[in-house]
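Peer 1: test case, fold it:
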Amino acid sequence: MRIGGTDWIPDFPTMESSYDEIASLRMGAESSEDRALLMFCRITRGQWFNDGNKRTALMTANHALINAGIGVFSISPSLKREFTTRLLHYYESNDDAPFRSWLKDNAIGRLPGGITSVESRRLELKRSGTATVDQNLPVYQTAMSMRAQTPAY
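Peer 2: You can find the predicted model right below:
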């Protein structure tokens, strides 16, 4: 297995090593945001899949960030080159702290007050005109009340 742009060769993942890595994610971060970024780092460097490791890591991180009401993980086109350079350095050094710090500052589009999937559906229904929404409640307050009534996934 080879990764373009670097001479670093990842260890061949096994079911056991992948499971251990996933289990360590639960204890390796203090906040939901840190956990999402740690997941992104570990999945990309772990090269658990034949193809699509960064895409899978991005979806995983986005799931965690959106579910926690934090925001969305994405890399601006203007930062793509710097992202790739920092990612390759992380691959070679296995020190994720500087990379996660950079990602925290540059790759998370924060949502004011957070948004949940329930709130997203509510906004879509509002746009389509098929639902009535209490106009007296701010979007954040409505999202929080709906979140309290919705089981966690």
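Peer 1: S32: how many residues sit nearby?
Peer 2: Look at S32: counted by other C-beta atoms under 10 Å, it has 14 neighbours. (C-beta placed from N, C-alpha, C; glycine too.)
Peer 1: for it, which non-adjacent residue is spatially closest?
Peer 2: Of all residues not flanking S32 in the chain, A68 sits nearest, at 3.7 Å (C-beta to C-beta, 6 or more residues apart in numbering).
Peer 1: A strand includes A97, no?
Peer 2: No: counting by DSSP: H, G, I helix; E, B strand; the rest coil, A97 is not part of a strand but helix.
Peer 1: do you know the pLDDT at it?
Peer 2: A97 carries a pLDDT score of 93 in this model.
Peer 1: let me see the contact set for I43.
Peer 2: By C-beta atoms under 8 Å, 6 or more residues apart in numbering, I43 lies in contact with 53, 56-57, 60.
Peer 1: now intersect the residues you listed with the helices, please.
Peer 2: Among the contacts of I43, the residues falling in helices (DSSP state H) are 53, 56-57, 60.
Peer 1: now those residues: which count as buried?
Peer 2: 53, 56-57, 60 (16 or more other C-beta atoms under 10 Å).
Peer 1: any chance of the residues you listed in a markdown table, plus distance to A97?
Peer 2: Shown next, in a markdown table, are those (distance: C-beta to C-beta, whole Å):
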| residue | distance to A97 |
| --- | --- |
| N53 | 20 |
| T56 | 22 |
| A57 | 17 |
| T60 | 20 |
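Peer 1: lowest-confidence entry in these?
Peer 2: Across these, the member with the lowest pLDDT is N53, scoring 84.
Peer 1: that one against F40, yeah?
Peer 2: No: judged on C-beta atoms under 8 Å, N53 makes no contact with F40 at a distance of 10.2 Å.
Peer 1: what bridges to the residue lying closest to I108 once chain neighbours are set aside?
Peer 2: Leaving out its chain neighbours, the residue that sits closest to I108 by C-beta to C-beta, 6+ apart is G71, at 5.0 Å. Beta bridges link G71 to R110, judged by DSSP bridges.
Peer 1: ok, now how distant is G71 from A61?
Peer 2: Distance of G71 to A61, given as C-beta to C-beta, to the nearest Å: 11 Å.
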